[in-house]
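Asker: Give the three-dimensional model of this entry:
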Amino acid sequence: MSPIRPIDCSAAVAELGRFYETLQPSSLARIGDLYAPDARFKDPFNEVVGTAAIARIFEHMFATVAAPCFVVTKRIVQGREAMLGWDFHLRLSGRDTVIRGVTHLQFDDAGRVVLHRDYWDAAEELYARLPLIGGLMRWLRRRLSSG
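Answerer: All right, here's what the predicted structure looks like:
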């Protein structure tokens, strides 16, 4: 077994950031250029393997979310790994909404993503903003808060 060579994924991270900031349904065909065929993707709602499954997540996003737009706010790269901070802008229940999160990425020798893991607080960023669930979430937060 040969040791993993250290590589710098800065260029791949910059390209991936541009991809997400300009993401449109027509650009989903590029996922195979940016992600390895067996890439793993996980977020609070999905856990899939493979570029076709990853593309379906974004197809679903475009079909169900109004005006989705990612803005990359931070890039941290160390060898084969990176973290992207981002704001996801969308229209939820007729109101403009921003969900803040971070993505952990791992890359292969070719600079393609092999692991994409999104971290964001679905309870605070999404559920608390929904009409019926939001009131319950705010009550629960007050009830469990130490302050």
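
Asker: for this protein, what are the low-confidence residue spans?
Answerer: Along the chain, the parts satisfying pLDDT under 70 run over 1-6, 122-147.

Asker: which element is the residue positioned nearest the centre of the chain on?
Answerer: The structure's the chain has its C-alpha centroid closest to residue 118; by C-alpha atoms, centre = their mean the separation is 4.6 Å. Following DSSP states H and E, one finds residue 118 within strand 113-119.

Asker: Over to residue 20?
Answerer: In this assignment (DSSP H and E), residue 20 forms part of helix 10-21.

Asker: Can you tell me which helices and strands that helix packs against?
Answerer: Counting contacts by 3 or more C-beta pairs under 8 Å, 6 or more residues apart in numbering; DSSP states H and E, helix 10-21 is packed against helix 31-34, strand 66-78, strand 81-92, strand 95-107. To be clear about C-beta, it is placed using only N, CA and C from the backbone, and glycine gets the same treatment.

Asker: what's the angle between the helix or strand following the shortest one and helix 10-21?
Answerer: To tie it back to what came earlier, the one meant is helix 31-34. Once helix 31-34 ends, the next helix or strand along the chain (criterion: DSSP H and E) is strand 35-42. If you take axes from the mean of the first three to the mean of the last three C-alpha atoms, to 10 degrees, strand 35-42 sits at 60 degrees to helix 10-21.

Asker: Show me how far strand 35-42 is from its chain's centre.
Answerer: Distance of strand 35-42 from the chain centroid (C-alpha atoms, centre = their mean, to the nearest Å) equals 13 Å.
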